[in-house]
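[1] Make a model of this:
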Amino acid sequence: GEYFRASVMLQSLFLTIHDIRGTDYRSLDLNTIYEYIQEHYAEPLDLNSLSQLYGTSVSYFSRAFKQHFGTAPMTFVNEVRMHYARLFLTTTEMKVQEIAGYCGFEKMEYFSMTQGSLFKLTRGEYDFIIDMIREENLTPSDNGNAKYTKADFLRDVYMTEAKYDRLKAVLEKKKIIILQGAPGVGKTFAAKRLAYSVMGEVDDDRIEFVQFHQNYSYEDFMMGYKPVGECFELKYGIFYRFCQKAANHPDKDYFFIIDEINRGSMSKIFGELLMLIEADYRDKKATLAYNGLSFSVPKRVHIIGMMNTADRSLAMIDYALRRRFSFFDLKPAFENERFMDYIKSFKSERIINLVEKIKILNKEIKEDFSLGEGFCIGHSYFFSDEISKECSLDEIDMYIEEVIEFDIIPLLKEYWFDDYDKLEKWEKILRDIVN
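    Residues are numbered from 1 along each chain as shown. A predicted model of the protein is given here:
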């Protein structure tokens, strides 16, 4: 009677469960597997069986499920079982051991022995725990990753070899670097390829990318209590999980890339990490305020921040924090020979003329007391999927006109909002290129 009443009540409370009996569970979509778990929570479930239902490998299924629902599959299995267990405990007179068996925790010695701290695990319980560890710490793939060398970086990024060597040396020594520069100098593009070149291969599994903003906090970055139903639960943030993942593979380099790093409140976001991220304190443990456990940043975790020097709305990083970071300037590549070879490959006099005019414009911007070098026009405006060497001259002219009208001139209006004569002069110079 107790089992029947509890079952009826649980079905009415758990309204998200749909009637999916009789479904062919081969090659199911993620939403159906989500429902399958809620329907079959009391049965033996593991990553292998769930990935077979999805029709892919364990690794691919785990990533797809977590990306779609925000939680790993075995973690979700456990949450569903615990949800039902709590309902049984609060609404029935069933014993803990009975509830455990009914909710998929059958034969767990922990529920039948109330004394002691060491408990035997069955093979199924061991596999369940290993599955949860494995899905949270997926091993980086060693197969199929394209090699990426220093030569590849120098081909992709318009930087001299000497400058690249200096940049890589600073990153490997300091572990934390900020790429700063004007809009359009390719900071994000360079950051990712710098990571590839240090790793020696293209492996996005070892790269995490976030963007700071004014509301970004320690709770998002490291850990904090988040509302779950009618209560709050401690949730780990993206950097905490990334460091745990890197700690499981101490022989590999990992890269945490932060866009717009100066948009967030650094001391608010990093907290005690401001000490732990320093090269001298890597692998040294500190106690975290939220969970009281020790934590350290692995030695081979590199942090690459990016900062736009032309954003007037942002405060610069204060001096106390600045000493923990190394700063590296990225500049427009208009003087780079390989960049000019790329421009000349279009065989368009107008695009060459535009580049020459921007060189003069950047010189004027640098000499402007209210602006300076950090406000120069970057070279990334000349890279787009819309143009290629196969494009006709008319197509290139159309692209140039769009860049001038919708990218460069609006930027100059922001720069020289209080100097109409200078703005009018450069509007005419730039528009004359395509007219």
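
[2] Next, count neighbours for residue 206.
    Number of residues near residue 206 (other C-beta atoms under 10 Å) recorded here: 24. All C-beta spots, glycine's among them, are computed from the backbone N, C-alpha and C.

[3] Distance check, the residue nearest to residue 146 when sequence neighbours are not counted against residue 246.
    Of all residues not flanking residue 146 in the chain, residue 202 sits nearest, at 4.7 Å (C-beta to C-beta, 6 or more residues apart in numbering). Using C-beta to C-beta, to the nearest Å, residue 202 is found at 18 Å from residue 246.

[4] Please apply the same query to residue 173.
    18 Å.

[5] before we move on, the earlier item: more neighbours: residue 202 and residue 246, which one.
    Using other C-beta under 10 Å as the criterion, residue 202 and residue 246 rank with residue 246 on top: 24 against 17.

[6] Hmm, that one is touching residue 303, no?
    No. The criterion here is C-beta atoms under 8 Å, and residue 246 misses it with residue 303 at 11.5 Å.

[7] right, and residue 429 touches residue 357 too?
    Yes. The criterion here is C-beta under 8 Å, and residue 429 meets it with residue 357 at 6.0 Å.

[8] Just want to know which of these two has more residues nearby.
    Using other C-beta under 10 Å, the more surrounded residue of residue 429 and residue 357 is residue 357, with 17 against 13.

[9] quick one, what contacts that one?
    Applying C-beta atoms under 8 Å, 6 or more residues apart in numbering to residue 357 gives the contacts 429-430, 433.

[10] from those, which single one is nearest residue 65?
    If you rank the contacts of residue 357 by distance to residue 65 using C-beta to C-beta, residue 430 comes first, at 50.4 Å.

[11] any idea of the pLDDT on that closest one?
    As predicted, residue 430 sits at a pLDDT of 93.

[12] Can you check my assumption that it lies in a helix?
    Yes. Counting by DSSP: H, G, I helix; E, B strand; the rest coil, residue 430 falls inside a helix.

[13] Need the pLDDT of the nearest residue to it once chain neighbours are set aside.
    Spatial nearest neighbour of residue 430, chain neighbours left out: residue 404 (4.8 Å); criterion: C-beta to C-beta, 6+ apart. pLDDT for residue 404: 93.

[14] contacting residues for residue 404?
    With contact taken as C-beta under 8 Å, 6+ apart, residue 404 is in contact with 354, 430-431, 433-434.

[15] if we go to 10 Å?
    Residues in contact with residue 404 (C-beta atoms under 10 Å, 6 or more residues apart in numbering) are 354, 357-358, 381, 427, 429-431, 433-434.

[16] For residue 69, state which of those is nearest.
    Of all these, residue 381 has the smallest distance to residue 69: 38.8 Å, by C-beta to C-beta.

[17] mind checking pLDDT for that closest one?
    Per-residue confidence at residue 381 stands at 85 (pLDDT).

[18] So what's the residue count around it?
    By other C-beta under 10 Å, neighbour count at residue 381 equals 20.

[19] who does the longest strand seen in the chain pair up with?
    The strand that spans the most residues within the chain, counting by DSSP state E, is strand 301-308. Note on strand 301-308: by DSSP bridges, its sheet partners are strand 176-181 (parallel), strand 254-259 (parallel).

[20] Next, residue 52: secondary structure please.
    What three-state DSSP gives for residue 52 is helix.

[21] Please renumber the chain so that the first residue is 746 from this point on.
    All set: I'll call the first residue 746, so the last point we hit is now residue 797.

[22] Would you check that it makes contact with residue 790?
    No. Residue 797 is not in contact with residue 790 according to C-beta atoms under 10 Å; the separation is 11.5 Å.

[23] So if I had to pick from these two, which one is more boxed in?
    For residue 797 versus residue 790, neighbours defined as other C-beta under 10 Å are more numerous around residue 790 (23 against 16).

[24] is it true that that one lies in a helix?
    No. Counting by three-state DSSP, one finds residue 790 to be coil, located in no helix.

[25] For it, give its distance to residue 1048.
    38 Å.

[26] can you check residue 819 too?
    Residue 819 is 30 Å from residue 1048, where distance means C-beta to C-beta.

[27] where does the protein have low pLDDT?
    Applying pLDDT under 70 to the chain picks out residues 746-773, 841-842, 850-888, 1057-1065.

[28] Find the residue at the geometric middle of it.
    Nearest residue to the geometric centre of the chain (C-alpha atoms, centre = their mean): residue 954, 2.7 Å.

[29] Just give the nearest non-adjacent residue to that residue, would you?
    Nearest residue to residue 954, sequence neighbours excluded (C-beta to C-beta, 6+ apart): residue 1002, at 4.8 Å.

[30] now swap in residue 917 and tell me
    Nearest non-adjacent residue to residue 917, counting by C-beta to C-beta, 6+ apart: residue 943, 7.1 Å away.
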